[in-house]
Every structure is written in C-alpha cells, then in structure tokens.
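[1] no FASTA, just this:
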C-alpha cells in the first residue's frame, strides 16, 4: 500500500498493453526458428540428411574442395565434411541442451530458495553462488572435464555447473521483485498461504525472464562446448564435434573449407538462437 | 471550437497556437488545437489521460521524441513561428524564453549530481560566466522560493530532499533565467494537498513579481479554475470548450465540460447522499424497527462498533532512525457506516490500516473487528478474521496478478478459504462481477486488457466475493481518471446499502471524503488530531491542521457558499 | 570516511575472503575427484622421468597417502602462506611457472580489456546517436559478437592478417602487432555484454524525466551525454567490467593456444593434458583471487559512484 502516488505516473504504467502484432514474427525470427529446427533434426536423424559416413571415407578423394557431390568438401581421410558436421551435431547440440538444463534446474532451485526464504539461507546460498561466479567459467569447465574425463558429455556437465550461478542470480532477483508485488500481499489477505503465493503468483511471474535467459544460455553453451572440443576436451576422434572439426581442420592450410564449414555452422546456429532470445525478450 | 483570436489584440499575445496537430506515426493524437496566452496571463489545459495535454506542452517546447512524432500547425512565440525554426535557432529559446516545470520532482533531477551542480546549468542561461556570481544568484532564487536553508540545499543530492522542496528547487531553476512563459506539466499532482497549495501560491506570487505567463497542464478542473485566467478543455486530442475559467467553470456549455464539473467533489458534497443511509435516517430506522436490521447480510449480532481501534502505537526503525508511525491512534466504526481516515504522506493512515488487517503487529493498543481482537493472534487466527475483513488497494494496476485471468482472480478468496463447491464458487464469481457492473465475458480476460476503472471493479468484486462485513478502501479512486472515479464511488455507495457493509475509507482528499463518509479522523504524523461526524468537521473545524486541509481544497471558497449550505439544509430536513 | 562506509567495506572484504577460501576448497575437491591412484600414475609415468626418491618426496610433501580432508587442509595452509607447490610434470615450483607465464597473459588481458571498453563505448554511443537505420544495425553488433566463438575469430584474423597481409607472423607471438590481434580476439566476445549494459543504461537514463528537463534548459545532446548520462551509467558499467575479468581469464586459454603465446592459458593447457593437479589448483585459485579482488574494488567504489547506494545490508523481509 502506498500513500501519495503521482497521478500521471500510474497512468503511464497501466494502459492496456499493446497486443502482439496479430501477424507473423519478423522474417529474421522465422529464419532463426527454421535454422534451429534444422539443427535439431540433424542431431536426431542425421542419417536422413546425408548418405555419407562420418567415420570412413574414400582416401582417393581426400582434401577435395566443396562441390555438388561433397557440399562441404572432404577431409584428409576423404570423409565427407558435410556428413561429419551433420553427425557431429548430436553431441554438439544435445550436450548444450544438457548444460542449459543443469544450469536452469539447479540454478532456479537455488535462486527460488534464496529469494523466497531470504535470511540465513540466502546468505549461505549467496556465498555458494559467489564462489561459482568467482572461478572463471571456462576454467571451471576445464577443471571439471579434466577430472571427469575427456568426453563431450562431461564438457556439458562442466558448462552446466558454471551456468548455475547466472541462473541462480536471475531467479533470485525475479523472485524478490515479485515477492514485494501488491498482488502477492493481496493473496495473503485472501487466505492464501506462502506455498500458494510461491506456486500461484511468484513462479508464473518470475519464470519468463529465466526462460529468455535459458535460450540465450543455450547459444552460449554451444560456444563453450565447441571451445572445449577445440582444445581437445571433448569426445576424441573419430567423433566430429564441431569444435573438434575446426581444430583438426586448421592444420590443413590448403583446405580452408575444413575450418570454415563447421565454423559457419556454429556461427549461424548461435546467431539464430540469439535472435530468438532477443525476440522473446521483446515479446514478454 | 477555438478561442476567438480575431477579436483579441494579437500583438499582446505571447504564445499563439493555431491548428496544432500531432501524430505518432500514422496515429493522430492531437487534432487542430488552437489557443493563445497573453503576456502575464495564465491558461490551463485540462484533460484526462489520453487527452493530449502533455503532448501539446512538449510540442510547444519541441521536446517530443525526435523522429517518432510529427507536429503540424503554427506555434508562435512573440509572433515568431517556433515550430518551423531549425533546432539550432530554437535551442537558445529553451530555458531563456520558455521554461518547463515537470510533474514528478523526484525524477526531474539527476540523482547522482548535487542540486548546486545542476543549478549551474540553469544559471548558465543568464550569460553569467563567473561561478561565484552564479552561485550567489542560485542561492538568491532558492531563498525566493521559500527554502529555509539555501546553502544546505545547494550541497544536497535530490534523494535527500522532500517532494515539496524538490519542486521548489525546480521552480527556482526555471524562474532563474526569467523566461517569458513557463509551461508547467501537472506541477503539483505528486505532492501532498497542503504542500500543493503552498507551491501554487508561491508560483502565483512569483509570476506577479516577475511578470511571467503560465501554461498550466492539469487534470484537476478545480485547480485550473482557481489558478488560471482562462482554460481549454481537451478530450481525445480535440478542444471541447474554452474561455475565461470562472465562466466555463460556473456554466459549462458542452456535455463533457459539464460532466467534468459534476465530478469535482468539492462542488457536490451531497452527490451520493441519496444512495447512502445518512446518520439521521439510520437513527430513525433503528428506532422504528427496534434494533432489527434491514440489511441482508447479518454477521454477528454483537452490539458495539464493528471496528474498534484503541490507543494503537507502532514504531519502525529504518536506516538507524526510529519513526513513530502511529502514536496512540484510536477510532471506531459502527456497522453499516463509512469512516474515513484522512491524512497526507507520513500521517500514519497507511500503517493504521496495515495494523488493522494484521499485516503488522502493533507495539501497543487493541484492535477489535466484529468483537474479535486481531492483535497478538496466531497466523491462522488472523486468517480467519480476514474472511470478514477485506481490502481494496489503491493501485488497480499492481493489485491484480497480470498472469491470471479475471475469473480466477475474483475466485481466489473462495479457493483459499475453501468456501463452497466448485459450482457454488463459479456462481458467486458471476454474482460478484454482475454486482460491480462488469459483463460476464470479462471473467476470461487478463487484467492487461482492462481499463483502470474496470480493474478496480474487479478488485472490488474480489473483495466482496467472500461476503465480508468490513471493507477497507485504501484511496480506491486516486489512481483513476476523474470521470471514472465517480462511477466507482457510486458503485461503492450502492453496494454498502445493499449488503450492509462497513467501510473504512482512507484518503488524502477531504472533499472526496465529504461525499462518501459519515465520520472521519484526521491524522497527522501518527496522531489523530481531530475526529467526528463529517459535517461537523467541515463546518466547525477545531484543529489548525484540519483548517489548513480544508483551505487547501481548490475553490474552497466556492464550496462553502451560502447556496451550498441551503442545499445541505434541505437534504437533512 | 563515514563509519557506515567503514563497516560496509569491512563486511564486503570479509565476504571476499570467505569466497576465496571456499573457491579454493571447491577447486581442490573437484580436482581430487580423480579416480584411484591417478596422481601416482602420473608420477610414475616413465615419460616424466622422476626417480623413486623424488616420487617419495612429492608423495610426502602433498600427503598423497593421506585422506582427502588432510590433503585439503595441508594444501590450504600452504596456499595461505604463498607456497604453491611443485609441478608434477616438471618438478619446478609452481610459483615459478606461473611467474614466468604471467607477464605475457597480463599484457594480453590488459590490452584486451582496454580494447573491449573502447569497442563497447563506441557501440553504445553509436546506438544512441546515429540515425535510425544505422543505430539499429549497431545495436545488433553485440549479439553478433556473442555468436562467434573466439577460436574462429582468432583463426580468421590469423588467416587474413598473418598469412594474407603479412601484418605479423605466427612465429613471433610476442610482437606488438601479434599481441594486438590476440588482444582483439580476446576482446570481441568480452565487449558484447559491456556494450549491452552501456546501451541499456544510456537508453534508460535518456528517457528519464531529468533528461527531458535538462533538454528544456537548452542543453545539446553532447552536453547532456557528458554531464547527465555518463555518471548514472557508470555504476552498472563498472560492475560489468569487474565481471568481465573472469571471461578474460577464461578466454585467454584459447587465445594463447591459437596465437602460440606462452602465457597462463598455455600453462593450463599443459597442466590439463599432463594431469598436473598442483598447477591447475594454483592457477584456478589465483584466478579466483584476482576476480574477487577486482569485484571487491568495484563494490567499494559503488557508493562513490551513486550516492543512493545503501550502505546497510537490509535483511530480506
């Protein structure tokens, strides 16, 4: 409850919000969704998109430039680079998904408890989040992978752990913002208890920002996992994680497509994910 | 309809607006508006939200968002068309010829710089380069606007000063370069009523001394009539009516202006009288029916007041300082009556209400609702009491969960208190929505799609759905347009009569309170300075603070005309 | 200095110390999750060529035959006294390894930070003051920067400027030009969040009522920017710069590898592939110390930048 509120201040807050344009989202957003959809399909049914094998190749046609037969050219073993990219999508993208889920679920729980309970729990969890934040994300990921073993799934777990801090902070901020909203206090006056306030009011109003962050983190995770793979911390060859493809391709200076093709795929995918995230943020 | 500019001596006009139209992209927000302000004169632009009054003010100062808005027409300052000027030539006029006083003083000053540092910008317009001379002039003008310690204010940051002081500072800075015309955009809406009067008085005084014209933007017809020489009534971007203010005010010619005038609480203290049971009527009825109640919802047959607050005290400690929010506050409300708590910011009325609702616990004193005490109870006990005691919040834009649909919002108390079956609850929600005058299809919509008035009706429906005995109304209409306000107050009066509700009405607006309350308590700095029946207080105020509040009502003189008194006498005969 | 500020500073400093200690513990626990006798496996690996005597000395030094808790406490004790241990691969003192590698990384990180700040300020200024279409393009630059992995940026820059244009050679990674390009590679992803914070701040501040009032006094946009918009935007920007330091430390691993520099990043690479725990532990812990220290400075500066910052911690109600 408040005492004197400026008349026109409230006016500007309250006018019925503009409806989302009844038409379609902007072209770039539609394209972005298409790209993401394609990438997801690559990871689920790679065999559908290429008939070549990612692990065995025809050494006779090694290091061939991109052509109609080999869209992305071939590598030093004559393997079709396009097929390698497509088959590498599963681990590159699914692992990013795992990373985001870890960060989202663990981070949200921490943030929820911190923001809702407050007090000593907030202090303790706050310190824990500070610690996760203090260790540079990439270094933490490197350390975790070196402990668990060089596999892409471990890289995913590592990326997820370093994302927990970001999600926890956001969820905590959102929960604290909503907690002090008038309609939450009103629900107590109407006989609601704290659990009802949490599940019925706080979560539905807090999750939107967190979801936008999750999409953004999906893109970031793809980049981090690709970087870890680049350094050799992901699945070893003959796996074809995107990052690993770039790493192994850079030694073949005469065949730049070995680097550019997977690099381009990474950039376009993450660009699309970021575009979607920005659109979601505006549409909130 | 335009002012008859041909009849006037055009060369005496400082500002002439002719055929001004403003559009944001394809949407036109201001249509063909014309008016003029003579030298030394003041003109008020009146309108509700969406009337375009602020947009016009910004257009005159050419402060509309660049590239988003297009303004066509003619705006002449001393005969020179300023809309057509290139920015480079117009900019020197800003501040020097045209001054601007914004609405919210708290956000009108850069929070990370001292007052003094920002004042130098205004002082620079004088053309004075010597900083010591500038500082002297700044301190001078700060004193002129009535600030007691100009040097301290000079060194302070905005958040260290009160709203009233900040507005004085802003007026000082605007007046310093001696502009010919000041545009004031709702300069007092964010301030307490008594402060409002002081600021407006000070502004009038300054204007007279320095011969400055004023273009006043406001939603308050009474203030406009009291402070401006002429006024222009705007609705949806077009001029409805214009002329000398007292003329328009006394006898408006258009329907819209008439309805605006009808909504001024100070002029129509008896507006809802036939809707409510007056004290005398109720006394007659009680005698006639020998104590049996006429009303439908009978709670408990306890004798004595419905709400009884005795000697309640509450102290808060904020940032090392102790604040005595409530100091021995006492009041009581009989069943079926409306009691008002009147006070400005810091009066303790909000704290008193929170204590009543059990949202805070008092340090001392007793609070009883329908015979049951709310202080010192366990959480589940307090919850039980809340079935009979509901609250309608001031701000309908934040008291409803934006992610919920209206039907669920109104049903929430029934769900949480576990009242009835699912079908019964749906039925009660339907009845509640109908009682507040909302169509039944509103139940499936979200609050974002409703207007302010509609949202407040939803809030009222939510409060009533559990059939409480007491409803606390915390400034239920101050966030709404004046025309919407009347509808809500009428609804509240009607419901009180039908359902035998007891109201505790909190407000800062004495004139409004006179329309709706039977008894009232005036609070100041946590203490009750005066209380009693409403008419008593209005005709024979005892405490100087009460008198100050009464005097601060715009057109207070008009309101206490003998004519109004006669009407009053007739009604209570 | 008011007593409120002193109390604030002490509380924050205390929290910082706690965080550093906890970070050390966390790192230790993560590193020591290695299965079984992996450490002794590393030691006994004939490639490292350590004699039995040396191995025993190392085992005793680190308490490798004792329970984890004891090892942790020993390790922590040593860290607090500045003793960072010895590399398992080369038997050199870790402090020496880190000391040798530090200058290269410091040069790289500092230049990258400066370049990132410059990028961010230019982008933010452009986003505010360029005409419509250009402003929209500039606003989408940070998002683009965040979409390109830094190893791709590095490889592209090398391809272009080293191999095509011969601006520098990869054989001399410490030359000024090579360092410049390495710094740009590191700066690009890091400048994006800073640019976004600046853009959001400037947007927010220029829409405030006081900006309108200042304009009504005839202020030009340039003066408005300098006098009114910069200072309130300073607080969130400084906080973001402090957070970016972490990204710089992490990104240096890849950047140094690509550009062939001999810095901390390369040290980390070697330590990971060689499973050299003491080195890893030391580097990660020191990074945490740097991060916490920088953020502490930013925290302590915040009341000075914005007088509204409350110095007392309010308990969540």
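    Good, I have the coordinates. A quick note: this is a predicted structure, and the numbers were derived from the prediction, not measured. Residues are numbered from 1 along each chain as shown, chains lettered A, B, ... in the order given.
[2] from here on, just use CA atoms for contacts and neighbour counts.
    Will do.
[3] for my notes, confirm residue B:521 occurs in a helix.
    No. In this structure, residue B:521 is strand, not part of a helix, as judged by DSSP: H, G, I helix; E, B strand; the rest coil.
[4] name the SS class of the residue nearest to it when sequence neighbours are not counted, please.
    Leaving aside its chain neighbours, residue B:521 sits nearest to residue B:531 (4.2 Å; criterion: CA to CA, 6 or more residues apart in numbering or on different chains). Using three-state DSSP, the secondary structure recorded for residue B:531 is strand.
[5] what about residue B:531, neighbour count?
    Using other CA atoms under 10 Å in any protein chain shown, residue B:531 is surrounded by 23 other residues.
[6] in contact with it, which residues are there?
    The neighbours of residue B:531, taking CA atoms under 8 Å, 6 or more residues apart in numbering or on different chains as the test, are B:519, B:520, B:521, B:522, B:537.
[7] what does residue B:312 give?
    When contacts are counted by CA under 8 Å, 6+ apart, residue B:312 touches B:326, B:327, B:328, B:329, B:330, B:362, B:363, B:364, B:365, B:366, B:367.
[8] which of those lies closest to chain C?
    Nearest to chain C, judged by CA to the nearest CA, of the contacts of residue B:312 is residue B:362 at 17.4 Å.
[9] and the gap between the closest one and chain A?
    17 Å (CA to the nearest CA, to the nearest Å).
[10] what's around residue B:415, how many residues?
    18.
[11] check contacts around it.
    Counting by CA under 8 Å, 6+ apart, residue B:415 touches residue B:425.
[12] per-residue confidence for the spatially most central residue of chain A?
    The centre of chain A sits closest to residue A:218, judged by CA atoms, centre = their mean, with a distance of 0.8 Å. With respect to pLDDT, residue A:218 scores 93.
[13] what are the buried residues along the helix or strand harbouring it?
    If you go by DSSP states H and E, residue A:218 is part of helix A:203-230. By neighbour count on 16 or more other CA atoms under 10 Å in any protein chain shown, the buried set for helix A:203-230 is A:203, A:205-208, A:210-230.
[14] flag every residue of chain C that's near chain A.
    C:15, C:19-20, C:22-23, C:27, C:30-34, C:143-144, C:146-149, C:151-152, C:246-247, C:249-251, C:254, C:272-273, C:275, C:280, C:284-285, C:287-289, C:291-292, C:315-317 (CA under 8 Å from any CA of the partner chain).
[15] are any of these buried, and if so which?
    C:19-20, C:22-23, C:27, C:30-32, C:34, C:143-144, C:146-149, C:151-152, C:246-247, C:249-251, C:254, C:272, C:275, C:280, C:284-285, C:287-289, C:291-292.
[16] the strands in the stretch 251-400 of chain B, which residues?
    Using DSSP state E, counting those that start in this stretch, the strands assigned to the stretch 251-400 of chain B run over residues B:307-318, B:321-333, B:338-342, B:364-369, B:372-373, B:389-392.
[17] any chance of these in JSON lines, with mean pLDDT too?
    Converted to JSON lines, these look like this (pLDDT from 0 to 100):
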{"stretch": "strand B:307-318", "mean pLDDT": "86"}
{"stretch": "strand B:321-333", "mean pLDDT": "86"}
{"stretch": "strand B:338-342", "mean pLDDT": "92"}
{"stretch": "strand B:364-369", "mean pLDDT": "86"}
{"stretch": "strand B:372-373", "mean pLDDT": "78"}
{"stretch": "strand B:389-392", "mean pLDDT": "92"}
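[18] do you know which of those lies nearest residue B:509?
    strand B:338-342 (7.2 Å; CA to CA).
[19] name every strand pairing with that closest one and say which way it goes.
    strand B:502-507 (parallel), strand B:519-524 (parallel) (DSSP bridges).
[20] can you pull the contacts of residue C:213?
    Applying CA under 8 Å, 6+ apart, we find residue C:213 in contact with B:100, B:101, B:102, B:108, B:109.
[21] need the pLDDT of it.
    87.
[22] that one is in what secondary structure piece?
    Using DSSP H and E, residue C:213 falls in helix C:209-216.
[23] what does stretch A:223-241 contact?
    A:54-55, A:84-85, A:87-89, A:91-92, A:95-96, A:138, A:142, A:145-146, A:150-156, A:159, A:242-247, A:266, A:270, C:147-149, C:151, C:254.
[24] which of these fall in helices?
    A:84-85, A:87-89, A:95-96, A:138, A:142, A:145-146, A:152-156, A:159, A:242-247, A:266, A:270, C:151, C:254 (DSSP state H).
[25] those residues also near chain B: which ones?
    Within these, nothing lies near chain B by CA under 8 Å from any CA.
[26] ok, now how distant is residue C:165 from residue C:158?
    Distance from residue C:165 to residue C:158, counting by CA to CA, to the nearest Å: 10 Å.
[27] so those two - more neighbours on which side?
    With neighbours defined as other CA under 10 Å, residue C:165 and residue C:158 compare such that residue C:158 has more, 24 against 10.
[28] tell me where the stretch 201-317 of chain C has helices.
    According to DSSP state H, counting those that start in this stretch, the stretch 201-317 of chain C carries its helices in the segments C:209-216, C:221-224, C:230-259, C:264-273, C:277-305.
[29] which secondary structure element is home to the closest residue to residue A:121 other than its chain neighbours?
    With CA to CA, 6+ apart as the criterion, residue A:121 has its nearest non-adjacent residue at 6.2 Å, and that residue is residue A:114. In this structure, residue A:114 is located in helix A:95-117 according to DSSP H and E.
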